[in-house]
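> Quick one: sequence and predicted model below, then my questions.
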Amino acid sequence: MKPEARAEAVLRQLKQKKAPINVGRVARQLGVRVERADLGEDCSGVLVRNGDAAVIGVNYSHHPNRQRFTIAHELGHFVLHKGGKYIDKGMSTLQFRDAESSTGTQLEEREANQFAAALLMPADWVRREFDKHPFDLGDDEALNTMCGLFGVSSQAMSFRLVNLGLLREAFA
């Protein structure tokens, strides 16, 4: 199942029906603990697994919207990637979200980003809100309104609108 479909399935399974998605509650419902920590400047988050148990560490110094996306991204790894190229530390496996993760150059990172976007900004919900808030070139009010509704950054929302074919990349 593709990342978008997996995210939609998680939302349905957990009966999440309105934005903004409470990613902390989603994590708890999936059996994943979230801890805020000082992860340094270059690390947004980390997923630590030990068998079926998992903890997401999220950088508390980052903006709340970035923290939300990071948690959703790490949940993407949790749901989509049971193995993979992780840094082994004894019995646990680690997957870090850092500057490279945000570039989306590695397949697992792209999939985790797709999952996070779909979890925080479900396609049908975004399309419905987009129709309510007309976008004019150079007018940030509609974009800011949608960012507030979904609890995401303007960059995340812009990428989502482009990826859903609602905006052309040149205007995002």
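Great, that's in hand. Numbering: from 1, shown residues only.

> Within the helices and strands, which one has the most centrally placed residue in the chain?
The chain has residue 116 as the residue nearest its centroid, 2.6 Å off, counting by Cα atoms, centre = their mean. Per DSSP states H and E, residue 116 falls inside helix 107-120.

> now that helix: mean pLDDT?
Mean pLDDT, helix 107-120: 94.

> Buried ones in whichever helix or strand comes after it, by neighbour count?
Once the chain leaves helix 107-120, the next helix or strand it forms, by DSSP H and E, is helix 123-132. For helix 123-132, burial by neighbour count (16 or more other Cβ atoms under 10 Å) applies to 123, 125, 126, 129, 130. Every residue, glycine included, has its C-beta placed from N, CA and C.

> Work out the gap between helix 123-132 and the centre of the chain.
On the basis of Cα atoms, centre = their mean, to the nearest Å, helix 123-132 sits 18 Å off its chain's mean C-alpha point.

> Quick one: list the elements packing against the helix holding residue 116.
Here helix 107-120 touches helix 3-13, helix 23-29, helix 64-80, helix 99-103, helix 154-163, going by 3 or more Cβ pairs under 8 Å, 6 or more residues apart in numbering; DSSP states H and E.

> Include mean pLDDT and mean neighbour count when you put these into JSON lines, please.
What follows is these, written out as JSON lines (pLDDT from 0 to 100; neighbours: other Cβ atoms under 10 Å):
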{"stretch": "helix 3-13", "mean pLDDT": "96", "mean neighbour count": "17"}
{"stretch": "helix 23-29", "mean pLDDT": "96", "mean neighbour count": "18"}
{"stretch": "helix 64-80", "mean pLDDT": "94", "mean neighbour count": "24"}
{"stretch": "helix 99-103", "mean pLDDT": "53", "mean neighbour count": "14"}
{"stretch": "helix 154-163", "mean pLDDT": "93", "mean neighbour count": "19"}
